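In: coordinates only, sequence not included:
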Ligand SMILES: [Zn+2]
């Protein structure tokens, strides 16, 4: 039975003034349940990630400043959220959610976190709504415990996984593949193992052809025994930050193609949501739910 990691702390929105659609995390499991895609038994609530596990990836200075709410004002502005104990608790939950997804993926093939994909967090700083890098913490968790030897991180959020690229730039056991908007945030990009830069208004066909051209080669070349997939839906043409011209159907085809690769090669896969900023929340929730539908359809 494929497990979905979700904690209802996301039902409580951040204070007024933030511009991040946090309540999508509350709507996704409700819609999946309502449409009969999942049952309640599939939903597992994570606990907060222990700090010693976080410290396998993030610097002690950064974590100490974060936990004591002592980050300087410029750093907090780069993160984009007002810093609070609730926010840090939520971030530790989403990191643990991704770690627990990994444990479930070994038995069920795939597991999905209704949160996460915080790929702009570096080892020593946060930015772009990301404080802790869940994929990086979970990948190091797997490597350090010898649960995996060769990891592939597939990042198809419209924004480059700059924090992930920085964290693993000297780690030959982690291959980072990022397909993202060339002219989008972050404007100073890091070097992933493979970066595919997309022009503004990239079409469905161009997008899917690039994915089909490059992703299977990465899998063959790196030969991973574990995959992380960041399925951001800010590639949609309706997205206010995305700058691409991708339809909801092509977004679903993207997910299907990724899951078919993971399944065909029999590689356990953990999925996290990443971005989605369409003005109409239904566009965001429908696209994220399509990711779950495709994963469950292919791995069940
Ligand atoms: Zn994004």
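Out: Received, thanks. Note that this is a predicted model, so its numbers are computed, not measured. Residues are numbered from 1 along each chain as shown.
In: nearest residue to the closest residue to the ion within the stretch 151-300 of the chain in space, please, no chain neighbours.
Out: In the stretch 151-300 of the chain, the residue that lies nearest the ion is residue 275 (2.8 Å; C-beta to the ion). Backbone N, C-alpha and C define where each C-beta goes, glycine included. Residue nearest to residue 275 in three dimensions, not counting chain neighbours: residue 234, with 3.9 Å by C-beta to C-beta, 6 or more residues apart in numbering.
In: quick check on the residue of the stretch 151-300 of the chain closest to the ion: phi, psi?
Out: Phi and psi for residue 275, reported as degrees, to the nearest 10, are phi -80, psi 170.
In: and for it, the neighbour number?
Out: Counted with other C-beta atoms under 10 Å, residues neighbouring residue 275 total 25.
In: quick check: it touching residue 161?
Out: No. Taking contacts as C-beta atoms under 8 Å, residue 275 lies outside contact range of residue 161: 11.1 Å.
In: and the contacts of the top strand by length along the chain?
Out: As assigned by DSSP state E, the longest strand anywhere in the chain is strand 174-181. By C-beta atoms under 8 Å, 6 or more residues apart in numbering, the residues outside strand 174-181 that reach it are 139, 143, 150-161, 164-165, 168, 192-198, 200, 202, 210-211, 214-215, 218, 221-222, 224, 242-244.
In: one more time with 7 Å
Out: By C-beta atoms under 7 Å, 6 or more residues apart in numbering, the surrounding residues in contact with strand 174-181 are 139, 151-161, 164-165, 168, 192-198, 210-211, 215, 218, 222, 224, 242-244.
In: stretch 243-260 now?
Out: In contact with stretch 243-260 (C-beta under 7 Å, 6+ apart) are residues 154, 156, 158, 181, 183-184, 198, 200-204, 207-208, 211-212, 229, 231, 233, 235-237, 286-287, 290-291, 294-295, 298-299.
In: next step: these restricted to strands.
Out: Members of those lying in strands (criterion: DSSP E): 154, 181, 198, 229.
In: in CSV, list those along with pLDDT and distance to the ion.
Out: Below are the ones in strands among the contacts of stretch 243-260 laid out as CSV (pLDDT from 0 to 100; distance: C-beta to the ion, whole Å):
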residue, pLDDT, distance to the ion
154, 98, 14
181, 98, 9
198, 98, 13
229, 98, 14
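In: which one among those gets closest to residue 4?
Out: Distance to residue 4 across the ones in strands among the contacts of stretch 243-260 (C-beta to C-beta) is lowest for residue 229, with 14.6 Å.
In: if I look at the closest one, how far off is residue 141?
Out: According to C-beta to C-beta, to the nearest Å, residue 229 and residue 141 sit 17 Å apart.
In: these two: which is more packed in?
Out: Applying other C-beta under 10 Å to residue 229 and residue 141 shows that residue 229 carries more neighbours, namely 26 against 22.
In: got the residues of the stretch 151-300 of the chain near the ion?
Out: 157, 159, 232, 234, 275 (C-beta under 5 Å from the ion).
In: doesn't residue 277 make contact with the fourth one?
Out: Put plainly, it is residue 234. Yes. Counting by C-beta atoms under 7 Å, residue 277 is a contact partner of residue 234 at 5.5 Å.
In: and residue 169, what helix or strand is that in?
Out: According to DSSP states H and E, residue 169 maps onto no helix or strand at all.
In: which residue, other than its chain neighbours, is closest to it?
Out: Once flanking residues are discounted, residue 169 sits nearest to residue 191: 6.5 Å by C-beta to C-beta, 6+ apart.
In: who in the stretch 1-150 of the chain is up against the ion?
Out: Counting by C-beta under 5 Å from the ion, no residue of the stretch 1-150 of the chain is near the ion.
In: need the strands for the stretch 1-150 of the chain, in chain order.
Out: 4-5, 43-44, 110-113 (DSSP state E, counting those that start in this stretch).
In: give me the distance from the first one to the chain's centre.
Out: Relative to the mean C-alpha coordinate of its chain, strand 4-5 is positioned 13 Å out (C-alpha atoms, centre = their mean, to the nearest Å).
In: on contacts alone, who are the packing partners of it?
Out: Helices and strands touching strand 4-5, by 3 or more C-beta pairs under 7 Å, 6 or more residues apart in numbering; DSSP states H and E, are helix 85-108, strand 110-113.
In: ok, residues contacting that strand?
Out: Contact with strand 4-5 is made by 29, 38, 42-44, 46, 97, 100-101, 111-114, as judged by C-beta under 7 Å, 6+ apart.
In: just the buried ones among the residues you listed, please.
Out: For the contacts of strand 4-5, a burial check counting by 16 or more other C-beta atoms under 10 Å picks out 29, 38, 42, 43, 46, 97, 100, 101, 111, 112, 113, 114.
In: brilliant, that's me finished.
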